[in-house]
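>>> The sequence and its predicted three-dimensional model are supplied below.
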Amino acid sequence: MMSGSSPAASLVGRFLVAAPSMPDERFQKSVVFICKHDTEGALGIIVNNAVNDLPLGQVYKQLGIEVPSVSDNQPVLFGGPVETSRGLVLHSADYKREETLLIEGGMALTASLEILKDMAGGHGPKQAWLALGHSGWAPGQLDREMQDNAWLVVDANPALVFDADFGAKWQRALDMLGGKGGGSGRFDLASYSHQTGRA
C-alpha cells in the first residue's frame, strides 16, 4: 500500500503554468519546468522570467571564466525565489556530469562551475539556461497548491523551455493546454473556472 505522503502523481518533466487565479504574485503568469517531485518535495525552474541587466557573459566575467567571444548576451533566468544566489543550469540531456540530474523528456539539471566553464568554452550542452534561484515546495505543499487550482499542468517540450521569447511563453503554454480538447488551440481565460469546490 502506498504511503499517504507520496505525491499523487509525479510532475517531473512537465510544466506548471500559473493559473489566472494564482494568489502568489511572485508566480503570476509564470511557467515552471519541474525537475524533481517526490516525497521530499518539488523543485522547478521558472523558464519565462529573465534577470534584468545580467547577460550570461557578465556572469562568466564575474566568475573569472574566460570566454572566447565577449558578446554572450544570452539572458540569465530568474529560476525562482529560493536560493537566488545559487546557479543551476537547465539543459538538454546531451551533456552529463556526475552531479547531473537527468529529467524525463530529454532534459537535465546541473549545478556546478564546470558546466559553466564547458559552456563558455563551447563544450557544454547544445541548449542551456543558467538560472539563478529555483522554485521549491516542501513535502505535500505542491500537491495542496494543485488541489487549490493555483497551477495548470501542461506537458513540457524543449522548444518552449529554450525559447527566448519570455513574454509569450505563458500564453503559449496555456495554448498547449487549450489545444488538447480539439478546440481552437487557444486557451480561453474567460471559460477557465478557478472554483476550488468550497461552499
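Noted; the coordinates are in hand.
>>> what are the ranges of the strands in the protein?
With strands called from DSSP state E, the chain shows them at 14-18, 31-38, 41-46, 50-55, 75-78, 82-92, 101-103, 107-110, 128-137, 151-155.
>>> And the ones you listed: which comes nearest residue 67?
For the strands of the chain, the distance to residue 67 is smallest for strand 50-55, at 11.0 Å, taking C-beta to C-beta. (C-beta placed from N, C-alpha, C; glycine too.)
>>> got the buried residues for that closest one?
By 16 or more other C-beta atoms under 10 Å, the buried positions in strand 50-55 come out as 50-51, 55.
>>> Please apply the same query to stretch 93-100.
Burial within stretch 93-100, assessed by neighbour count using 16+ other C-beta under 10 Å, is assigned to 93, 95, 100.
>>> From one end of that stretch to the other, what's the distance?
Taking C-alpha to C-alpha, to the nearest Å, stretch 93-100 runs 9 Å from one end to the other.
>>> now what about it, what contacts it?
Stretch 93-100 is contacted by residues 102-103, 106-112, 114-115, 118, 124-126, 128 when judged by C-beta atoms under 8 Å, 6 or more residues apart in numbering.
>>> Which of the residues you listed ranks first by neighbour count?
Within those, most neighbours by other C-beta atoms under 10 Å means residue 115, with 26 neighbours.
>>> and the longest helix for this protein?
Identified as the longest helix of the chain according to DSSP state H is helix 166-178.
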